[in-house]
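Engineer: With the input below, show me the fold.
(2 chains)
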Amino acid sequence: MLRWLKRRLDLMRLTDPRWRPLFDEDASGEVVTVDCETTGFDTKLDDIISISAIRIRGNQILTSQAFNAFVRPEAEMRADAIRVHQLRAIDVENARSMREVLPEFLDFLGGRPLIGYWIDYDAAMIDRYVKSYYGFSLPNRRIEVSGLYYDRKYGDAPQGTQVDLSFAAITKDLGLRTLALHDAFNDALSAGEMYVQLTDMQARGVKIARERTHDATASITAG
Amino acid sequence: MPRSFDTKSPPFDRLNEEQAGELVASLDIGYWPKGQAILTRGASSDHYHVVLKGTVEEHDDDGHVVAVLGPKETFGARAVVHGGAGARYVAAEETLTYLVPRETLLDLIHRNPGFAAFFYSDISRKLAEVAKGDKGQGLEGVLRTRIAEARLRPPVFIEASASIEETERRMTDTDTNSLLVRDGDKVGIVTRTNLSKAAILAKLPLTTPVGECSSWGLIGVDENEFVFDALITMTRHNKRRLVVTRAGEKVGILEDIDILGLFAGNSQLIPGRIDRAKGVEDLVDAAADIQGQVVRLHHQGVKVRDIAAITSDLNRHLFRRLFALIAPASIAEAGCLIVMGSEGRGEQTVRTDQDNGLLLAHPVPEEDLVRFRAEFQGALASFGFPPCPGNVMVSNPMWSQTIDDFVGQLKRWVHQPDAESPMHLGIFFDAVAVAGDGDLLARAKREFIGMMAGETAAIAHFAKAIDQFPGPGGVISSILATVGHEEPIDLKKSGTFPIVHGIRSLAIEKGLIETSTVERIQKIAEGHFFDEAFARELSEAFGYFMELRLKSQIRAHLAGTTEGESLLKPSDLTTLDRDLLRDALRVVKRFREIVRSHFKLGMF
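Structural biologist: Here you go, the predicted model:
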């Protein structure tokens, strides 16, 4: 509700017509899966260093036309984040600035809903730049894959069921492969794969089975 | 641009780095819910699929699962390249597939012959062998030769209004087997075969304008293209001759035999050696050469059918010379030496056995016959021909007797058959005369066809041997799907034998004189017993089994054993080869059913 109101206000105040398409949800049914790698995990302080987006049309993930960009960060890169995405400062030294990258990225999004795992985090990161450059918040509808997963698995779960929405848990339940490297493209792709599968299960009314009880031996045998 | 795509698994391992990069950049990913048909039989497709995650089942027309494809396995090439999927593909569970766009696939096929080879089955094995360590100027070198550098036949034109007779004279004068035919702006081609068919078979008068027996669907290639392109063009259009152009001008004719000439090395030298032989010992080396060239031709990538043709020509040459050297005057005068079985059909490459015999116009002195039998057998043994396990050899009096006695023998096989009779009759029916009076064999065959005419029960009894080895039939899928605990496939029992024997049965029924299986298939199709399309599939399947068999024979040969030479483990094959093998086994299955129902074998 609050986001809807914000969107209406942003639209009224919008001065540059270039961004108008973002405010009309794309009628084609396409969505776009988005992921960013950042210098750290603070949406207020850290910077985006790479950003990937892949459109999904019907049952096809259009990896061939993916959007990929490296961005030169202003904040310093932190060791813990570097360990995750394996991008060192030197790797992004010659990348372009966010001022150059962002317009292309927004054009790529258009009015398509955004898909992601923990999409609010990525959207918040991007939002900070959008707000400071153009004065509005990303108006695109957001679809959280862990939310879709929750509905399929825990939607009718009794109170007190232990809920696991981790990336690994979703990957495992959907039988997806684990991509070796967590970069923006692979993470966006994984979220996209989750999305097509989960929306299909939704359409067919298929649920994901829950483990009956916690099996203490599982961790031993799995090890 | 999914970096996780494995460009190291076949057929993508044939792409160079740049091409692999383009391929990966072009990939999309498709999602298929459980139960969804990804491709339906006969449908074209915009994508070639590589399974990323999940399982895809291949269904035949009856809805049976014939294969199960897992990650990295591919399907849909045929739908993209040939415009119609070969089967129905259904997602067996939630499945993701990489989608290779049609344009990208065709572009890569066009640019990379090694990659293309996987999609044009005819040429695939050639390159596969080359890649496996052919040294230097092998096939690769030949394929990369520009057409302009090949020995081209200069084009000789003739007007369409010229008579057949003039045309034949022009061919003789210019020492060529084909002429270009001009009719106004139209240009066609006429070959000696066209002429003989017109004059002998269709009985057209020799004054008929040659335009009437020419073919007008000329296919051209530019002289700057590679020999490889010419091969693909020939395969694709099923043509044996192409017109070579330079800047649009017709400058020559390229025949498949010319390309074969580039490959074949020195096979053409062997006949000379055979002819010059003064005694049996001189033939030993020539016999070894014949066997040696099989392996060499195979490594150079020559099609197995051509290898078999070259080999049986050379073998017959050898037999003829041997006959001339050792036959005493009485046998030389009265005898007809015949080769039978696979040798007679011209389908033997690596020697696995020998089937031969002698027909005599009248009795000859017993001592001559005894000596000839022994010497002939001794000579073949010294040439390295393994003895025939069924004892179908000149040394066996049953296979070297007078024509009258032999015809009596045939009658007994037909009317009082024992367990061996159908096999004996089959082997005999494939006979060709290699030396002496060929009319003797022709007479024996006429008598045999006469005995079988209308004898539905006798032919059915003969045809029944097709079920001697039950094929993999309905379990093709399980054999080929489960990698790990698999059963080897016997190429002879599951592949070549049912085709050879089924076709042979039909050929007897129809009284055909052709001996090669492919020619018989052609004739049977011409009689509309089955359609052209099935005939082609059957011939191709047959060729494919021969190809695989030759490969495993050569492997066994190199290992110095004949044990298990016709056994094949599906896991030794690439995914695409497995695909082809499945297709081929399916064709055999259909063919068995056709034969079974035609001869009502269910009643036995």
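Engineer: Point to the helix or strand of chain A where mean pLDDT is at its lowest.
Structural biologist: helix A:218-222 (a mean of 36; mean pLDDT, DSSP states H and E).
Engineer: mind exporting the biggest helix by length in chain A as CSV, just the C-alpha atoms?
Structural biologist: Looking across chain A with DSSP state H, the single longest helix is helix A:184-204. Extracted in CSV, the C-alpha atoms of helix A:184-204 (Å, rounded to 0.1, in the frame of the first residue of the first chain):
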residue,chain,number,x,y,z
ALA,A,184,25.4,-11.6,-10.3
PHE,A,185,24.7,-13.5,-13.4
ASN,A,186,24.6,-16.9,-11.8
ASP,A,187,22.5,-15.7,-8.9
ALA,A,188,20.0,-14.0,-11.2
LEU,A,189,19.9,-17.2,-13.3
SER,A,190,19.3,-19.4,-10.3
ALA,A,191,16.4,-17.1,-9.2
GLY,A,192,15.0,-17.2,-12.7
GLU,A,193,15.1,-21.0,-12.7
MET,A,194,13.4,-21.1,-9.3
TYR,A,195,10.8,-18.7,-10.7
VAL,A,196,9.8,-20.7,-13.8
GLN,A,197,9.6,-23.8,-11.8
LEU,A,198,7.6,-22.4,-8.8
THR,A,199,5.1,-20.5,-11.0
ASP,A,200,4.5,-23.7,-12.9
MET,A,201,3.9,-25.6,-9.7
GLN,A,202,1.6,-22.8,-8.6
ALA,A,203,-0.4,-23.1,-11.9
ARG,A,204,-0.7,-26.8,-11.5
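Engineer: any residue of that helix up close to chain B?
Structural biologist: Yes: judged by C-beta under 8 Å from any C-beta of the partner chain, helix A:184-204 and chain B are in contact via A:F185, A:N186, A:L189, A:G192, A:E193, A:V196, A:Q197, A:D200, A:R204. Bear in mind the C-beta positions are built from the backbone N, C-alpha and C, glycine included.
Engineer: who does that helix touch, helix- and strand-wise?
Structural biologist: strand A:31-38, strand A:48-57, strand A:60-61, strand A:114-116, helix A:145-154, helix A:167-173, strand B:28-32 (3 or more C-beta pairs under 8 Å, 6 or more residues apart in numbering or on different chains; DSSP states H and E).
Engineer: can we see that at 6 Å?
Structural biologist: The contact analysis (3 or more C-beta pairs under 6 Å, 6 or more residues apart in numbering or on different chains; DSSP states H and E) places helix A:184-204 against strand A:31-38, strand A:48-57, strand A:114-116, helix A:145-154.
Engineer: buried sites along the helix or strand encompassing B:E166?
Structural biologist: Using DSSP states H and E, B:E166 sits in helix B:164-174. Neighbour counts over helix B:164-174 (16 or more other C-beta atoms under 10 Å in any protein chain shown) mark B:I164, B:E166, B:T167, B:E168, B:R170, B:M171 as buried.
Engineer: Look up the closest residue to the fifth one, ignoring the ones flanking it.
Structural biologist: When the adjacent residues along the chain are set aside, B:R170 lies closest to B:I158, with 5.7 Å between them (C-beta to C-beta, 6 or more residues apart in numbering or on different chains).
Engineer: What residues are bridge-paired with that neighbour?
Structural biologist: Beta-bridge pairing of B:I158 under DSSP bridges involves B:V181.
Engineer: For it, the count of nearby residues, please.
Structural biologist: Summarising burial for B:I158: neighbours were counted as other C-beta atoms under 10 Å in any protein chain shown, giving 20.
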